[in-house]
Structure formats: structure tokens, C-alpha cells
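1. With the input below, show me the fold.
(2 chains)
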There are 2 protein chains.
Amino acid sequence: MKIVIVGGVAAGMSAATRLRRLSEDAEIVVLEAGDHVSYANCGLPYYAGGVIEDRNALLLQTPESLASRFRLDVRVRHRVTGVDAAAHTLTVADLATGEEYAEPYDRLVLSPGARPVVPPVPGIDRALVLRDVADADRLVAGIDGTSGSAADGVPARTAVVIGGGFVGLEVVENLVRRGIAVTLVELADQVLTPLDPELAVRVRDELEAHGVDVRTSTRVSALTPTTAVLADAAGGDVDEVSADIVVAAVGVRPDTELAALAGAALGPGGGVLVDEDLRTSVPDVFAVGDAATKRDALAARGEGGHATTLIPLANLANRHGRHVADVILGRTGMRPSVGAAVVGVFGLTAASVGRSEKQLRAEDRRYRAIHTHPSQHAGYFPGASQMALKLLVDPDTDLILGAQAVAHDGVDKRIDVIATAVAGGLTASDLADLELAYAPAYGSAKDPVNMLGYVADNLRSGDTRSIQWHELDGLVRRGVTLVDVRTPAEHARGTVEIAAVRAPSRALNVPLDELRDRALDEIPAGTPVVVHCQVGQRGHTAARLLTQLGYDVRNLDGGYVTWRDATRATAEAAGDARLSAVR
Amino acid sequence: MKIVIVGGVAAGMSAATRLRRLSEDAEIVVLEAGDHVSYANCGLPYYAGGVIEDRNALLLQTPESLASRFRLDVRVRHRVTGVDAAAHTLTVADLATGEEYAEPYDRLVLSPGARPVVPPVPGIDRALVLRDVADADRLVAGIDGTSGSAADGVPARTAVVIGGGFVGLEVVENLVRRGIAVTLVELADQVLTPLDPELAVRVRDELEAHGVDVRTSTRVSALTPTTAVLADAAGGDVDEVSADIVVAAVGVRPDTELAALAGAALGPGGGVLVDEDLRTSVPDVFAVGDAATKRDALAARGEGGHATTLIPLANLANRHGRHVADVILGRTGMRPSVGAAVVGVFGLTAASVGRSEKQLRAEDRRYRAIHTHPSQHAGYFPGASQMALKLLVDPDTDLILGAQAVAHDGVDKRIDVIATAVAGGLTASDLADLELAYAPAYGSAKDPVNMLGYVADNLRSGDTRSIQWHELDGLVRRGVTLVDVRTPAEHARGTVEIAAVRAPSRALNVPLDELRDRALDEIPAGTPVVVHCQVGQRGHTAARLLTQLGYDVRNLDGGYVTWRDATRATAEAAGDARLSAVR
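-> Down below sits the predicted model:
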């Protein structure tokens, strides 16, 4: 059997090597339009930043090494220009010689990846992108001042990065590492849009703490040879900032050029539509990796197994590659996908899995949100620092719909554990029972993930009812008593400020340890009560106590910290002048 | 309802606070024989080592704080001396006054924990243990030279630690941190017996690299005021080492004194036998935490849900506490347990979940072992270092039976992910599909856990057959061709040495990239072949290739690295003189 794979990076090369390991008989041809195969895409920003010093470290395999080890016929600088699916034949252009030739196949695997989206603004030609090794070379030359509009050998001092997603943030960090003053321009009203705003605000803080000029709700309206003109969301120009280099990291869209040549159908979101065994709509043509749709593990019930999604992540691409090899050789079955991702931003880590609250709201799904702020390890062990954790739960089934975390330590572990729980079909309450390896330097006897399970279980059972930060204002306006159960010192340092209660008074402050004695005297009967503490834990105890005293009580989810982060996120999104006061 | 809880640390105090949160009406009495409740046991070694500087950081709650917040009647220095289960009445001695009084209960929760085992040897009275705050105070005084046999204000310079388990290793590390020369004496033929020897040997290396004198297969036969007399396994004295202080950390046994007073039945292993809702054999008497048995999640089929085990870990104790509160107030259902644990040893981390190979062999269970040695994150990203990972799989069901890991980074995350996979009922092959958050600083596009799944899947499907390091000698003697598919340079640096092949020749060296061309000429047909590489990955590719060429092939699991570690572990266990040569 002759298998032709178009695209020689993550998914394509995983497919090729797996095919060879399974079959010495298969004829395997890999066509790659670029100069390199099997390189480390995810390392490119770090090469630009000098973290990875040796360019060769990015080149994991070469056509030669793949030929000797796997007997693969790898042809770089070969572009597919035509697909005759009926005849099972490709037209291939050898970019080195300019010649075209016909290449027959029995099975065709399309692995073209995704292309960076470039905003269509005047002067955009000078913007760099970061998709392959040649892009990284151009970025390094730009940083060093040996190419681009400057090309004077003077290192870049200023940069504009367009797009504050995963790749954009990695680029920002690495430009700062090279001593460059960076302006980050993001069209949305927050950075890192896969996260909800009250978590993403911490990432923004970290960027600003490292001197990055963060401009959200802002677009680049034009590029000059040395500057970027910035506009607000409405399109009015607001500023012009220096930009020795410009990097566009706005996102990617599936590369569907090959699929179009082959006549393969596209799915929702514009990816090449594939079934659970990665077959396109065209016989004997498969698609894998960032270009292909994924089955959505978290689709709302009713959509069944047919819902598809786009998740352009390296881990899924590699898994696709292995799976398509299995399918071609007669094996089947790949799990639907949830998407789990992580990014480091200076010392901070942000990670997520599955749906965000924003997404669930956009899908009009029912959900329950849980915010916690535990230490990454035992609080009494040196180095303990606070995490921001968020869990999204289906209130009907208690199944986990998503999770997010931002902190200086321990984030990737907790998101991976929750991703695994999702794969295992565990409920949110089941997280309480997880046995996670504990010693004081690594976690807590009640790990942050266990605590999420405790909270979920308390909500599921009805032992506690919570309200979200964005519900507080409305509730207070309708008339509730807001009780801060922290200590007077904590209360004095800052508390929730709701327009409705700011005058005549802020929240009533009754410390938890005095609540049992003072509640009946000081908290009006017959009015609903909202309690809050710093992170939600004392609030839970207070809510239980007051419930048993006959009050109608809700606990502010995530406490003052979530409210403060969310309020700051809202203020920043609004460009609100209250910003510095809240902070 | 009046609930009396005996023992005010992890499980007991979790039960008490949960009970109060659920019920303001309950009368809750906590009796604790010691001076402190709710202290941080797991932090004690680090307080002794000066990592945790403030002793108060260990005391998470006091009787006063628990009274004001949770209205708990907490009585320290109160010991239960009698239980009349029929009359539902305890006899309690107030250790401060010497008075005894009767304390009735409706429900009794026994949470006495476990007691350190002390080896019965002459002079053992001077050995310190580390169970509670008073023990930690004594250890600090011993380190400072302000108590004990020396008590001269001269800090201890030498120490003997008896027992190389989790607590023993933490004590060792912290004594070294205080500048003390430590001899670690372990009766077993390896340190950290929950791990299999080929992984534990790396922990031993780390200890020795930090100057610890590690004596395995050794016992302390007597203590003098300034030394410890060491004996070999047969009991013959072999050495006498200086010991300004001695710490016994041999292990713990469930404290069953209270259960005996109550007439409660014990289970296998000597813990207080409880059902899945933590009820003992005596009506209205519950037992929780280290003293109580756990249901065994990994029992062999046929034993069903009745198999019990002992897992003295803080996370399960806390979970027990919460669960017993739920049961007392009419709720039910706790998952069976697997046990997950982690320990830091200087810069190294060792962790495990579920069964070890040794345990499975002792239980006469069928299993499949998988060893891998991946980097904790992308190899091209700075700081990549090699992990030793091991997975144990039920070959009939493909379910995960256990996992172990030793490395400088990334260990706790992978063990927690696998523990979560076990809880979710995922198979070993399912690990291949886990979506784990990836960026180059955090993992790999094919995470180490995914790779375990790949290997498991290849073994399950029969695509690869492996052999274990301990099977190699026997196989080679029966006549196989051993082929090293690494490069000649790697081969020259060290390769497997089997008695049977050392003369006339060691393994045949045919590098993987030349194997396709050379195999038929150089590898004898008709004889089984064992291939090996450095860590098992190239070996897999080689095995697939040779299988397709018609050979009967097995791949040495974990490659040369596992074989080398295991051989060194065996040599050290045997006190073998080859030790230094192999190393």
C-alpha cells in the first residue's frame, strides 16, 4: 500500500513513523512544502528569546535521519498543487527545480496544519508571524536588527505584538527577555481569551509587572515602517507607538487549501471535516492535526457524538497522527477531545481544559462555577503561594465541563489531573475522593483539586448555595444583607463595594468566630443574606451556620479575592478610571 | 445527638468540623491525649530541619480557635481509659488533674492514628521518634544538644536514622540540612520499599551524593549512649557508628488500644476493621484515619469488595474524617482506596500509587511491567532531565495496578495523573489518549504519561513483546541473540553484561539506523532475538522491524537504563563488589 502524507510536522510525521513501525511493506511518502520536517514548533518563541540557544535543537529529525531509521521518502520543498481524488493522484511541484510531476497514492493523509491569521491593515506586510523555522529565523533577524525595515544591525528596542493568546504571550515574554519594550495589542477586552476575565486579569498583572504595555479592546489600524497606529474598538485612532518589529499572533485558521483541491467537505469552524477515524468526505483521503475537526467531548447533550470543534494543539495533532496510521492499517477508535493547554508568562502559569464560563454562556448551557484560591502546597511550608482555580460543572449531571488555573506554581499539575478526571468520566464531586500524592512541598492533605470536589459536593447536595461575583450587584439591589465574615483588619484592608450599599454602608462585618453569638442580634431576620470571606472557605462555614439559624443564605463564590479580580478585570475591560483605586 | 471523637488530628478534626458545618445541633466533644490538636504532622521533619522556622506554623488550630469557630468541646491531655459500648459511655482521665470521669456518647469516632514502631534492641530508649509536636521538640533539642544523653549544648554532629521509608528519608534530609553526618540503617535490601528496587536505587544514589552513609540489609542491634551497633541481616555485628542522636522511623502500626477497649474487631494487617461507611463491628462506634482499614481498590478479582488494606496517609485520613461525619448524619458511600504518596529527597522526588511489582509478585498476581525514561518536559527546552517511570498493568483487563516515578522534576504531576486515571477506571492504553496541557516548559506533545499509554497499547495489541531486566539472564542462557541497537559510541560506554554472553562476546551491536540493511546478514535466523536500546524506544522500533523480517523478537523493557539501575540495585542489595564497576 502506498500512503502519501502531505505535511511533515507533528501529525504528519507521527503518522509516517507509526505506519512504518506497523508495516515494513507500506510505501510512505511525505511531502512538505517548507524547508524542514518534524521541527519543534512550540519551541520557536523560546529560540527567538535565546532560551533555546542552539537552532539545531529545534530540528528533531531530518529527511536523512527519517530515511535511515524509518525508510520514509521525505521530500521537503515539494508542494502539492493538485489532487485528482478519483484517479488517486497528486500533482506535486518541486520548488527547487520548478518541475511538476504526478504522484499516485492509495491513501492520502492531509496534515497541512493551520496558518497564522494576519489582520488586513495597511502596512501589515512588515509584521512577522511565528509558524515555522523560517519565521523564527526572520524574527531573530528582526530582533538583532539584521533584517526587515531597519536592517541596520541595530538591535530592536521596541516591538508591537498583535494578539494576546498563547503564542502571543510566549512571544511577548521572549521579546522582553531580549530587552525589548513591548506593546501588546489585543482586540478582546482581556488577554488570554480561553480563560475567563477574573482569572486572566492576573496574567495581565504579570505582564504589566514586567513592563509590558498591555492594550486590550484595541486594534492595530495601520503599520508604518517604525510604528504601529492603534485604534479603539470603534475604529478611532487613539495612539501611535514605536515598533522596531511587529509580530502578528492573532490566531490560526485551518489550512484547507489541500482539502479544497481534494474536494473534501469542511466542518463547523472551517476545519476539514473528519469522522472519528479521521476520514474526510473523500474516499481514501484522511485529514489530521490542526487542519482537521475534532469530536467535541463536552458538547451539550442532544448534540450527541456529532458535534465537532477545532482544537489546534500539538498533543492532539500527535495523537491524530498515530491514530490515522492505526486506521489505515485496520484499527479504529479515538476518544473525543476536550482541549487542554498551558502557557508560561514570566513566572506565572495559566492553564485551562474544556469550556470556559464565557463559552458556556455563549452556548446557552446550564453550568455551575466554582472559584477557589488555595495554596499550591501546604500553607505552613515555605514558598506557599495562592492559586486562582476555577471549575465549571454541569449542574444536571455534576460532570466537569471545564477548569482554569493561574498561579506561580502547581497549575499544570492541577489542570492535568482535572483533564484526566474528565477523560475518566468522573464527576465534580468525585474530585473530593481523588487520592493525590501528598507531602508538604507538593500539595496538601486536602489537595486544591480535592477542595474543588468538596465545594462541588456541597453545592450538588444543596448544603451550600453560592452566588457569583457578577450576581452580587443585582442581588444587593433587590435587598439582601451582605455580611463580611472576615476579621475587622481584613475588612478594613478592602471589601466588596456595591453601588447599592456603598451608601449608607458597606457590608456588615461580623467575623466568623463571633457570628454564632452575634448573628441573631445583628443580622435582620426575613431578609436574604449573602456572606463573604477572603476566598470562600470561611464563608461556607458561615453559610452553614446561618442556614441552620434559619436564614436564607448564599456564599459569595471565591470570596473577596474573586470579586476583586473580577471587578478589576471588568474595570480594565471598561478602561475604567476606578482601576487604580481598586487595585 | 452527642458525638465523641477520640483523637484530634487529621481524621478526627476533619470529622469534627464537618459535623459542625452540617449540624449546629450536634454536641461534639473531641478528646485528645496529647498537648495539641490539628497540627501539621507532615511538617514535623521540616520544622526539625529549620525549613519551617516558626513552630507556631505547625499548630493549625487550638482548642480555643476551634471553640470559637466551630463550637467544639476540645479537651487536650484527656485520655480515654475505658469504653462501655453497651452503656455508650467512656471513662476519661484528665491527665492534668489525674481525675477520671464518665463521658456518655451517642456516636463514638475513634481516630487514634498510628504509633511509631520501635525496634526492640538494647538501649532503644534513647531513640527519638517523630509522631507529634512533642516528638519534634525533642528532636530539635537533640539536634541542638540541649537534651538527651549528650545535653551539653553542643549541637549533634552525627546521627543514625533507623528506617528508610518516607518519614525516615525526610528526617535524613533535614538532619543533613542541619549539618549532621547521617547513617541511614534499613533492614530491607533497598531504601523506600514501596518502590521497586530498580527505581529506589536512584533515591539511594541521591542520598549518597549528599553524603549519607546508606546501610541496607542492616539492622541496629544495640544503642550505646554515643553509638549504634550495626548487624547484618543474619544478626552478626558488623560495625559501630557514631550517633549523637538516633531517630527510629521504622514504620507505624495502627493504634488499636481504643478499639480493644471497645471490643471492636481488627482486620487484616491489624487495623480496626471498618465497613465502607467506617463502622466498626461495635454499634455506634466508627473508626477513621491511620488506625482504620481501607477498602482495597486494587484487590485481585474474586476478592471482590471485601478486601481491606492499610494505607496510613494524611489525605485518606482527612477524607475519612469528612466521610464519617456524612455517615453519622445519614449520608453514605466512599470510594475504595489505592494509596498515593510522594517524598522529596534533596533535589529528587519519588512517588508511587497503587501496587509495586514486588507486591504483585507477593500476591501471585498476573501483571505487566513497563519502564520508561522520558524527559519531564520537551527535550529541546533547557533543564530537561530524565525521569524513571514505571507502570504496572493487569494483562487481562489492561487496568492500571500501580505506578512509580523517580526524578528531579515532574514526578508528582505524573503520579497524580495516573492516580486520577485509576479512579476514573481508565485502562493503561487509555493513557495514550489523555489530553494533558502542553507547552515546552511543562511537558511534551507526547507527555510521559501518554508514552506509557503508547507502550501499554503496543503490548496489549501484541505489536511489541517485551522482556524485563530480570528475565534477560535466563533467556540468554536458553539461547537468544542479544542485539544492542544503539550507536557504537553508546555501546562502548556500557552495555548489558550477561554471564552467559560475556564470553565470548557481549551483545551484538547493530545501530537501529543500519538494522534494516544488516539484519538478515548478521542476525542468525531461527534463534529468538532480544533487542535493547538506551531507554526502550528505539528498541521498540527495532523490534517492529525485525518482527516484520520474520524474527521472534522481544524488546528489553526500559532499555539499558532500567537494566543498569536494576543491576546496580541488585548489586547493592547483595553488597556486591561489582558495584563500583557497574556504576
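2. Tell me which residues touch whichever residue of chain A sits closest to chain B, please.
-> In chain A, the residue that lies nearest chain B is A:Gly424 (1.5 Å; CB to the nearest CB). Backbone N, C-alpha and C define where each C-beta goes, glycine included. By CB atoms under 8 Å, 6 or more residues apart in numbering or on different chains, the contact set of A:Gly424 is B:420-421, B:423-426.
3. Can you pull out the low-pLDDT segments for chain A?
-> By pLDDT under 70, the low-scoring segments of chain A are A:148-151, A:301-306, A:333-334, A:499-506, A:576-583.
4. To which secondary structure element is the residue sitting furthest away from the middle of it assigned?
-> The C-alpha centroid of chain A is most remote from A:Asp521, which lies 48.4 Å away (CA atoms, centre = their mean). For A:Asp521, the host element (DSSP states H and E) is helix A:512-522.
5. just checking, what packs against that helix?
-> If you count contacts as 3 or more CB pairs under 8 Å, 6 or more residues apart in numbering or on different chains; DSSP states H and E, helix A:512-522 packs onto helix A:537-548, helix B:63-70.
6. touching chain B at all, the following helix or strand past the first one?
-> Spelled out, that is helix A:537-548. Counting by DSSP H and E, the next helix or strand C-terminal to helix A:537-548 is strand A:553-556. No - applying CB under 8 Å from any CB of the partner chain, one finds strand A:553-556 separated from chain B by no less than 11.7 Å.
7. Just checking: what are the partner strands of strand A:553-556?
-> Applying DSSP bridges to the sheet, strand A:553-556 is found paired with strand A:466-467 (parallel), strand A:529-532 (parallel).
8. Would you reformat the ones you listed as a markdown table and include mean neighbour count?
-> Formatted as a markdown table, the strands paired with strand A:553-556 follow (neighbours: other CB atoms under 10 Å in any protein chain shown):
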| stretch | mean neighbour count |
| --- | --- |
| strand A:466-467 | 20 |
| strand A:529-532 | 28 |
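9. A:Met13 should be in a helix, yeah?
-> Yes - using DSSP: H, G, I helix; E, B strand; the rest coil, the assignment for A:Met13 is a helix.
10. quick one on the thing from earlier: which one of the strands paired with strand A:553-556 lies nearest to B:Asn318?
-> B:Asn318 lies closest, by CB to CB, to one member of these: strand A:466-467, at 22.4 Å.
11. helices or strands up against the following helix or strand past the closest one?
-> Downstream of strand A:466-467, the first helix or strand assigned by DSSP H and E is helix A:469-479. Counting by 3+ CB pairs under 8 Å, 6+ apart, the packing neighbours recorded for helix A:469-479 are helix A:499-502, strand A:529-532, strand A:553-556, helix A:559-573.
12. before we move on, the earlier item: just the buried ones from the contacts of A:Gly424, in PyMOL syntax?
-> Here is the PyMOL command that selects the buried residues among the contacts of A:Gly424 (16 or more other CB atoms under 10 Å in any protein chain shown):
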select buried, chain B and resi 420+421+423+424+426
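13. any chance of the contacts of A:Gly424 in JSON lines, plus distance to A:Phe286 and secondary structure?
-> Formatted as JSON lines, the contacts of A:Gly424 follow (distance: CB to CB, whole Å; DSSP: H, G, I helix; E, B strand; the rest coil):
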{"residue": "B:Thr420", "distance to A:Phe286": "32", "secondary structure": "helix"}
{"residue": "B:Ala421", "distance to A:Phe286": "28", "secondary structure": "helix"}
{"residue": "B:Ala423", "distance to A:Phe286": "34", "secondary structure": "helix"}
{"residue": "B:Gly424", "distance to A:Phe286": "30", "secondary structure": "coil"}
{"residue": "B:Gly425", "distance to A:Phe286": "30", "secondary structure": "coil"}
{"residue": "B:Leu426", "distance to A:Phe286": "26", "secondary structure": "coil"}
